[in-house]
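Participant: got a predicted structure plus its sequence, pasted below:
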Amino acid sequence: MEAFFDSWLTRLDNLRTELLHAVTHRTDLIPSAVDAFLIHYRDYRGAKARLADSDLLRALTHPWLTPFERTFLWIGGWKPSLAFRLLPGRCLLAPDQRAAVELLRQEVELAEHRISEDMAGAQEAMAGHAVLVAVRAGLLYANGSAWEAAVDEVSRALRATVNAAEELRDATLRRMVEILTAAQTAEFLAAAAELRLRVRRWGLRRN
């Protein structure tokens, strides 16, 4: 995953440049530049999903990131409400766009709160009754099936919460693209890429 992420960031920087070039010099290229960016985003999303299938904890903790980068994580990825801080020239949005963005923001924040509560519940389950009983009774060795059942229960709760967070990230991005014009979308995605790249650089310097 480390090698994949490094090459993914390099490509992200190139796509950011292409978006800005299209906005400034070739507006006819904006749709293709936006499509390329979204495909690239889905590539990373797919890589994380495959990792989660084999190692959920690794997918949650992102060990391929620097410690500084990991401080920005929310349940295995970026926090959806961050998108609203990246809107370019928000005052230039049309009234109907502003209303749609505000409605989306409210929905996203409510969903984040619910998913955060689900994650807290899943984390509490790690030390919950079923797991503690299995450990205290020595069932880790004496009764493997009981231990596995307890761990499986926690794993299912974590996986469901991570999936909900990923779906919210995808839905937020998709609906934001639907609200914005093509040029606004290009600027929005370029701003998101620039933030991601800066956080990476800051993280490497702090290391």
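Facilitator: On my side now, so go ahead.

Participant: could you list the low-pLDDT ranges of the protein?
Facilitator: Residues of the chain meeting the criterion pLDDT under 70: 88-91, 126-151.

Participant: residue nearest the centroid of it?
Facilitator: The chain has G77 as the residue nearest its centroid, 3.0 Å off, counting by CA atoms, centre = their mean.

Participant: quick one: the closest residue to that one other than its chain neighbours from E124, how far?
Facilitator: Using CB to CB, 6 or more residues apart in numbering and skipping residues adjacent in sequence, the residue nearest G77 is R169, 5.6 Å away. Every residue, glycine included, has its C-beta placed from N, CA and C. According to CB to CB, to the nearest Å, R169 stands 24 Å off from E124.

Participant: surely the residue nearest to G77 is in contact with W78?
Facilitator: Yes. In this structure R169 lies within contact range of W78 using CB atoms under 8 Å: 6.5 Å.

Participant: more neighbours, these two?
Facilitator: Comparing R169 with W78 by other CB atoms under 10 Å, the one with more neighbours is R169, at 22 against 19.

Participant: and the next element down the chain from the host helix or strand of the more buried one?
Facilitator: R169 is located in helix 144-179, with elements delineated by DSSP states H and E. Sequence-wise, the next helix or strand downstream of helix 144-179 (DSSP H and E) is helix 182-206.

Participant: can you give me the buried ones in that following helix?
Facilitator: Of all the residues in helix 182-206, those buried under the rule 16 or more other CB atoms under 10 Å are 184-194, 196, 199-200, 203.
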